[in-house]
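Undergrad: give me a 3D structure for the following:
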Amino acid sequence: MNKKFLAAAIAAATFGTQAVAVELYNNEGTTFSVGGHVSVNLNGSEQGDTDVGTNSPRININATQDLGNGFTADARGEWQLNYLDGGDNSFKTRLGYLGLTHDVYGRAVGGTQWAPYYDVAGVADMPIAYANDFIYDNHGNLGTGRADKMLSYRNAIELGEAGAINFGLGWQGAKEDKVDSVKYDDRMQLAVSYSIMGAKVGYTYNTGDFTATGKKSTAESHLVSAAYGSYGKGLYVAGVYASNENMNSGLEESNAYEALIAYALPSSLNLSLNYEMVEGEENKGDKTETTREQVALQAEYNFTPKFVGYAGYQFDLNDENNRETDDSWTLGARYYL
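TA: Numbers count the residues shown, from 1 in each chain. Purely as a prediction, here's the structure:
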């Protein structure tokens, strides 16, 4: 790991990947900032009514402290905002962790966080309106997106003009999900990727045992991805493939696919096309069936760096077993705090 990687790691931890938070304090190695975004959109579909909704609104607070000798500590708390329906449940925890980063020894994080698995799996999870869905199937417990109660470690090996190798490890201890009456044993994951000249390829493995309705099973995922470019800056292309056991809702074995191509014009108009499919077997030996297949056309426009308009239309292609498809659309705006 070098100073460049250290700066990127701390920036990603404190500000996120989509926008820079407002820095309220910066003095003698200590910083404090507030960030997040709010959105309002119109949603509709063939089978549903048009209504007013939101798109993952959140608020976060972030702090860093230079500890000396190359070490930097950071803390983040992030909450989902529920501001359309009223009521008592206005906030829901999305992230909460404490991190320690060193320019040689790497980065360790404890708490609810974006998992190393997501570092590889999330390369196509970019558009505001419609993006990667399958990685969020029970992602808190299985550590495929925002992982609950995780310890993680990341580091990088810089190879100069030959690129860089990034790797990460994650661990979640035993827990019981009382809502779904599922007991989870230790769950572990590793992720490794190689990047050079704007291109990135990666592999991640995730596994752990769980017990549901008295039956013990193993959740397991092998996922590979590839991406080129930077989303929102010219051409961006990404693809994801996962071979899973007990990772996707209702499927004992499944294959999942995600592809994204986007192009941002100099005018700040970003156009994208993404495709997602999940197919699998409810029980081993059953006929393989498609449970999710969709294509979305989307546009995002930055009126200012903090105010973005977006629109999307998603075609539901899954007519397996005479299922009635349900195309959907959305039109909205997002303001970054």
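Undergrad: neighbours around residue 133, how many?
TA: Neighbours of residue 133 under the rule other C-beta atoms under 10 Å: 15. No exception for glycine: its C-beta is placed from N, CA and C like everyone else's.
Undergrad: in this structure, which ranges drop under the pLDDT threshold?
TA: For the chain, applying pLDDT under 70 flags the ranges 1-20, 86-88.
Undergrad: recalculate using a threshold of 50.
TA: By pLDDT under 50, the weakly predicted segments of the chain are 14-17.
Undergrad: tell me where it has helices.
TA: 3-15, 116-121, 139-142 (DSSP state H).
Undergrad: helices and strands around the shortest one, which ones?
TA: Where contact means 3 or more C-beta pairs under 8 Å, 6 or more residues apart in numbering; DSSP states H and E, helix 139-142 is packed against strand 146-158, strand 182-196, strand 199-212.
Undergrad: contact partners of that helix?
TA: Contacts of helix 139-142 with the rest of the structure, by C-beta atoms under 8 Å, 6 or more residues apart in numbering, involve 112, 145-148, 172, 175, 177, 182, 184, 187, 206, 208, 210, 219, 221, 247.
Undergrad: pull out the buried residues from these.
TA: Buried residues within those, counting neighbours by 16 or more other C-beta atoms under 10 Å: 112, 145-148, 172, 175, 182, 184, 187, 206, 208, 210, 219, 221, 247.
Undergrad: and the strands in the stretch 1-150 of the chain?
TA: With DSSP state E, counting those that start in this stretch, the ranges of strands along the stretch 1-150 of the chain come out as 22-27, 30-45, 51-53, 58-68, 71-81, 91-102, 106-114, 146-158.
Undergrad: give me the angle between the fourth one and strand 91-102.
TA: Think strand 58-68. Interaxial angle, strand 58-68 versus strand 91-102 (axes from the mean of the first three to the mean of the last three C-alpha atoms, to 10 degrees): 20 degrees.
Undergrad: list the buried residues for strand 58-68?
TA: Buried residues in strand 58-68, counting neighbours by 16+ other C-beta under 10 Å, are found at 58, 59, 60, 61, 62, 63, 64.
Undergrad: distance of the fifth one relative to residue 77?
TA: Same thing as residue 62. 8 Å (C-beta to C-beta, to the nearest Å).
Undergrad: kindly report the same for the fourth one.
TA: Distance of residue 61 to residue 77, given as C-beta to C-beta: 5 Å.
Undergrad: residues in contact with the closest residue to residue 291 other than its chain neighbours?
TA: The shortest distance from residue 291 to any non-neighbouring residue, by C-beta to C-beta, 6 or more residues apart in numbering, is to residue 278 (5.2 Å). Residue 278 makes contact with 134, 248, 251, 254, 255, 256, 257, 290, 291, 292, 293, according to C-beta under 8 Å, 6+ apart.
Undergrad: try 7 Å
TA: 134, 248, 254, 256, 291, 292 (C-beta atoms under 7 Å, 6 or more residues apart in numbering).
Undergrad: again, but for residue 291
TA: Per C-beta under 7 Å, 6+ apart, neighbours of residue 291: 251, 278, 279, 280.
Undergrad: my guess is the first one meets residue 282, correct?
TA: Right, residue 251. Yes - in terms of C-beta atoms under 7 Å, residue 251 counts as a neighbour of residue 282; the distance is 6.1 Å.
Undergrad: these two: who's more crowded?
TA: Using other C-beta under 10 Å as the criterion, residue 251 and residue 282 rank with residue 251 on top: 24 against 13.
Undergrad: list the contacts for the more buried one?
TA: Residues near residue 251 by C-beta under 7 Å, 6+ apart: 280, 281, 282, 291.
Undergrad: kindly report the same for residue 332.
TA: 39, 40, 41, 42, 55, 310.
Undergrad: with residue 279 instead?
TA: 254, 255, 288, 289, 290, 291.
Undergrad: count of neighbours near the second one?
TA: Going back to what we said before, that points to residue 255. So residue 255, with other C-beta under 10 Å, has 16 neighbours.
Undergrad: which residues does it form beta bridges with?
TA: Taking DSSP bridges as the rule, residue 255 bridges to residue 243, residue 279.
Undergrad: contacts only, for it.
TA: By C-beta under 7 Å, 6+ apart, the contact list for residue 255 reads 243, 279, 280.
Undergrad: would you turn the helices and strands packed on helix 139-142 into CSV with distance to residue 125?
TA: Formatted as CSV, the helices and strands packed on helix 139-142 follow (distance: least, C-beta to C-beta, whole Å):
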stretch, distance to residue 125
strand 146-158, 12
strand 182-196, 15
strand 199-212, 13
